Each structure stands twice: as structure tokens, then as C-alpha cells.
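Peer 1: I need the structure of the sequence given here:
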Amino acid sequence: MNTHLLIGLLVTVYVAWRIYMRLRRTIGEQQFRPGRLKFSIGVFTLLSLLILLPTLGHSQLMLGWAAGLAGGLALGCWALRLTHFTTIASGRFYTPNAHLGIGLTLLFVIRIVYRMAAFYNNFTVAGRPVPGWGESALTYLTFELLAGYYIAHSAGVLARYARDLEPPAPVA
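Peer 2: Numbers count the residues shown, from 1 in each chain. Modelled structure (predicted):
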């Protein structure tokens, strides 16, 4: 078997598994876990800042980054209004809006698949050479939409439960 084909297959399977796990966490009732939410905020903030570095000095790329982050933060705040919060004897739970989380994840996945296909086939719709990985404002925009959404939503869930200082009594 061709080594490149095997590596490509393994990477594809891993990415598909991670996407499945991410989507599974956006659907249905979630237990409130402050550590997981803080970790999510930290990772997405760090990735967002690292992704900002190559855009410095490139106004079009910075615009894609900033527009995506602003849009993602706005979507995350809107998603908080659609999130259902529950506190019962067995713990604290929240149910995020599945449509927003799934939609943003799929938008990002579609963008990455398109970029991979464009590189593989070396084409664009306009017939020009494909820009390098760090040279597409649309890719920055789609990632930052996702990052901003998860930063705002996770921070909002933490803030919502921070108001409820006393957790429910455990079930005996």
C-alpha cells in the first residue's frame, strides 16, 4: 500500500472522529463542567491569537480574522439566549442550540475540505493558482466564527452558573 495514501487515510479518519466528537458535544443536554468550559475558552483563545500572527501586516487577512471573531462572538452571545439551563438535585445542566453549533462546525469543515481539494487538484473557481494555507481571508473568517462562538458561549455558560453560587445538594 502507498505510504502517502495510508497517511492520508489515517489523518482523514482522525479528523472525522474529532468532528464527530465535537458535534456530539453540541447536541443535547450537557453537564456543567467548569474545567472543561475554561479549557475550551483557553484553547480557542490561544489558537485564535496564534492564527492572528500570520495576518499581521496583511489588511485583507486581518479583516477576515476580525470579522470572523466578531461574528463568532455575536453568534455565541445569541446562542446563550437559545440555551436552556437546568439545575436539579443531580447537578447543573445546559442544552445549547444544536443548529448553531452544528452549522458552524460544518461550515468550517466544508471550508477545510474545499481548501484540501483545491491544493490537491491545484485549482480555483477563478482559474488562478490556489493561495497558500495562510493566505486566505475566508479560511480565517470561518475558523474565527467557530472560535468566537465557542469562546462566547462557554464564557456565558460559566457566567450564568457563577450567579448560582450554591450548587444543588447531592441526591442521597
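Peer 1: model confidence for residue 128, exactly?
Peer 2: Residue 128 is assigned a pLDDT of 63 by the prediction.
Peer 1: the spatially most central residue of the chain and residue 30: what is the separation?
Peer 2: Centroid-nearest residue in the chain: residue 146, 3.5 Å away (criterion: Cα atoms, centre = their mean). Going from residue 146 to residue 30 by Cβ to Cβ, to the nearest Å gives 17 Å. Every residue, glycine included, has its C-beta placed from N, CA and C.
Peer 1: what's the answer for residue 59, then?
Peer 2: Taking Cβ to Cβ, one finds residue 59 at 39 Å from residue 30.
Peer 1: the two: who's more crowded?
Peer 2: A count of neighbours by other Cβ atoms under 10 Å puts residue 30 above the other of residue 59 and residue 30, at 17 against 9.
Peer 1: can you tell me, leaving aside adjacent residues, what's nearest to that one?
Peer 2: residue 94 (5.6 Å; Cβ to Cβ, 6 or more residues apart in numbering).
Peer 1: hang on, the one you found packs against residue 86?
Peer 2: Yes: judged on Cβ atoms under 8 Å, residue 94 makes contact with residue 86 at a distance of 7.1 Å.
Peer 1: what sits in contact with each of the two?
Peer 2: Counting by Cβ atoms under 8 Å, 6 or more residues apart in numbering, the contacts common to residue 94 and residue 86 are residue 29.
Peer 1: so these two - more neighbours on which side?
Peer 2: Taking other Cβ under 10 Å, residue 94 and residue 86 do not tie; residue 94 has more neighbours (20 against 12).
Peer 1: contacts only, for the more buried one.
Peer 2: Neighbours of residue 94 in contact, by Cβ under 8 Å, 6+ apart: 29-30, 32, 83-86, 157, 160.
Peer 1: out of these, who's the most crowded?
Peer 2: residue 157 (24 neighbours).
Peer 1: which helix or strand contains residue 20?
Peer 2: Using DSSP states H and E, residue 20 sits in helix 3-26.
Peer 1: so which elements touch that helix?
Peer 2: Under the contact definition 3 or more Cβ pairs under 8 Å, 6 or more residues apart in numbering; DSSP states H and E, helix 3-26 sits against helix 98-121.
Peer 1: and the helix it packs on with helix 3-26, angle?
Peer 2: Relative orientation of helix 98-121 and helix 3-26, computed by axes from the mean of the first three to the mean of the last three Cα atoms, to 10 degrees: 170 degrees.
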